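Participant: My questions concern the predicted model and sequence given below.
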Amino acid sequence: DAGVIQSPRHEVTEMGQEVTLRCKPISGHDYLFWYRQTMMRGLELLIYFNNNVPIDDSGMPEDRFSAKMPNASFSTLKIQPSEPRDSAVYFCASSLAGGGPDTQYFGPGTRLTVL
Amino acid sequence: AQSVTQLGSHVSVSEGALVLLRCNYSSSVPPYLFWYVQYPNQGLQLLLKYTSAATLVKGINGFEAEFKKSETSFHLTKPSAHMSDAAEYFCAVGYNQGGKLIFGQGTELSVKP
């Protein structure tokens, strides 16, 4: 299996620009998660989907952040407009958890730098 | 509220020494418990998980963890540390609420030669 695929791996942008992060989950998984990791705040759950439907977006920091999952094999996290405080590593993870919590498989992450 | 606490944000051991990373959870229902490891510039990967079978769980790279319901703990141990074990370790807990896991703040393990 290819595992969870994220793109780009690195993104450098200027404040005010739109940023789109992409994720392809493991085939057959029914949950998809977006996390943000920083030194100050650690690992934060932003939003998660079950069967392409957003279940909990309470971790999304502001209206500048939005996430979509148009189909079972693709999700995006968009920041518009971006700010320097959005600089972080963003992880996507997926799991097969129809019967209860199970292992989440993480992608390699996207390191975002907003100047 | 459900939560997980990792005691010690940083642990340092000598090569060959015992590794003990502590994790406590708050719950009134049986949890699913996980330990993940994150090497520099990588995503998290599963070390081991507890899902109500044996209370002593063996994982990869010689790690193991013991579920102690009376102490609401799931501490991670390894008898002899290797330099390659230097990484950040996360404890996570899940309940019967679908796929969501609650992660601890992480413990950075350093291994001295």
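Facilitator: Cool, got the structure.
Participant: so what's A:Gln6 closest to, chain neighbours aside?
Facilitator: Spatially, and ignoring its direct neighbours in sequence, A:Gln6 is nearest to A:Gly107 (3.9 Å; Cβ to Cβ, 6 or more residues apart in numbering or on different chains). All C-beta atoms are positioned from the backbone trio N, CA, C, and that covers glycine.
Participant: Enumerate every residue touching residue 25.
Facilitator: If you meant another chain, say so; for now it's chain A. Contact partners of A:Pro25, counting by Cβ atoms under 8 Å, 6 or more residues apart in numbering or on different chains, are A:Val4, A:Leu32, A:Ala72, A:Ser73, A:Ser75, A:Cys92, A:Ser94.
Participant: right idea, wrong chain: chain B
Facilitator: Counting by Cβ under 8 Å, 6+ apart, B:Tyr25 makes contact with B:Gln2, B:Ser3, B:Val4, B:Thr5, B:Pro31, B:Leu33, B:Thr72, B:Ser73, B:Phe74, B:Cys91, B:Val93.
Participant: Paired strands for the helix or strand containing it, with orientation please.
Facilitator: Taking DSSP states H and E as the criterion, B:Tyr25 maps to strand B:19-26. When pairing is defined by DSSP bridges, strand B:19-26 lines up against strand B:3-7 (antiparallel), strand B:73-78 (antiparallel).
Participant: Restricting to C-alpha, output the last one in PDB.
Facilitator: To tie it back to what came earlier, the one meant is strand B:73-78. Coordinates of each C-alpha in strand B:73-78 appear next as PDB, following Å, rounded to 0.1, in the frame of the first residue of the first chain:
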ATOM      1  CA  SER B  73      -2.500   4.100  33.100                       C
ATOM      2  CA  PHE B  74      -0.900   2.800  29.900                       C
ATOM      3  CA  HIS B  75       2.800   3.300  30.400                       C
ATOM      4  CA  LEU B  76       5.300   2.500  27.700                       C
ATOM      5  CA  THR B  77       8.500   0.600  28.400                       C
ATOM      6  CA  LYS B  78      11.500  -0.900  26.800                       C
END
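Participant: That's all I had, so thanks and see you.
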